[in-house]
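> Provide a 3D model corresponding to the input given below.
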Amino acid sequence: QNVNLCLPRLYCDHSEELNVSTYLKSNNIINRQYIVLHPGGETVNGLQWSLNYYKEIINIIHSNIKINIIIIGDRSEEERVRKKIATGRFVHFIFHKPIQFVSELIHQSSFFIGNDSGPAHIAQAWQIPSVIFYKNNMENFTRWKPLNPSLAMAIFKNDFEYNKPYYLKKIIDYLGHAYV
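Alright, predicted model coming up:
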């Protein structure tokens, strides 16, 4: 039997909207002109995706598009991420913020990149274009795939590792469409 699912609906928390706007302004980041990147999820292993992949994605983005990237995560992820990925003119870190702040940060972004995780689902609920990385588990993907495939590029770990240059180009092309 066919079942029609409605997209989840999120509502703005106006106090967090103000907190996010203040954060963006204090870091000279323009609303809707930044990417949220979440390299964690499920465990501190980030669903088994290497932080080196994220570092490479950040470098490729910055060599093609000059845009701020805000990396989010929780306390358990912070030290590992900071050791691998350096802050810079276009890279910012936000760790251990309330989920309402993270949701509003994603809501005000122009793009989301990250693992299949809570923040990825928040991005989909806000209808933010996304690149979402999945474990090599079709059952898991079938259960947690994006509800709106036109707003998400799903990439499996084995596919990415097998043909990394192809997928890096696809990510940049997908990002490029969002900024045209």
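> For Lys66, give me its contacts.
Phe90 (Cβ atoms under 8 Å, 6 or more residues apart in numbering). Any C-beta I mention is one placed from the backbone N, CA and C, and that applies to glycine too.
> For stretch 50-58, give me every contacting residue.
For stretch 50-58, contacts defined as Cβ under 8 Å, 6+ apart pick out 37, 39, 69, 80-81, 84-85, 91, 113, 160, 164, 168, 171.
> how about a cut-off of 10 Å?
With Cβ atoms under 10 Å, 6 or more residues apart in numbering as the test, stretch 50-58 has contacts from 35, 37-40, 46, 69, 71, 77, 80-81, 83-86, 88, 90-91, 113-115, 131, 133, 157, 160-161, 164, 167-168, 171-172, 175.
> Stretch 152-159 now?
In contact with stretch 152-159 (Cβ under 10 Å, 6+ apart) are residues 47-50, 53, 112-113, 115-116, 120, 123-124, 128-138, 141, 144-146, 162, 166-167, 170-171, 173-175.
> repeat that for 6 Å
With Cβ atoms under 6 Å, 6 or more residues apart in numbering as the test, stretch 152-159 has contacts from 130-134, 136, 146, 167, 174.
> Over to stretch 108-125?
Stretch 108-125 is contacted from outside by 8, 10, 20, 31-38, 41, 46-47, 49, 103, 106, 128-134, 144, 146-147, 178, using Cβ under 6 Å, 6+ apart.
> okay, it in CSV with CA atoms only?
Provided in CSV are the C-alpha atoms of stretch 108-125 (Å, rounded to 0.1, in the frame of the first residue of the first chain):
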residue,chain,number,x,y,z
GLN,A,108,20.2,30.3,8.0
SER,A,109,22.8,28.5,5.9
SER,A,110,22.9,28.0,2.2
PHE,A,111,24.2,24.5,2.2
PHE,A,112,24.9,21.5,4.4
ILE,A,113,27.6,18.8,4.1
GLY,A,114,27.8,15.9,6.5
ASN,A,115,27.2,12.4,7.6
ASP,A,116,23.8,10.8,7.9
SER,A,117,23.1,12.3,11.3
GLY,A,118,20.7,14.5,13.3
PRO,A,119,22.0,17.7,11.7
ALA,A,120,21.6,16.2,8.2
HIS,A,121,17.9,15.4,9.0
ILE,A,122,17.5,19.0,10.3
ALA,A,123,18.9,20.3,7.0
GLN,A,124,16.4,18.2,5.1
ALA,A,125,13.5,19.4,7.3
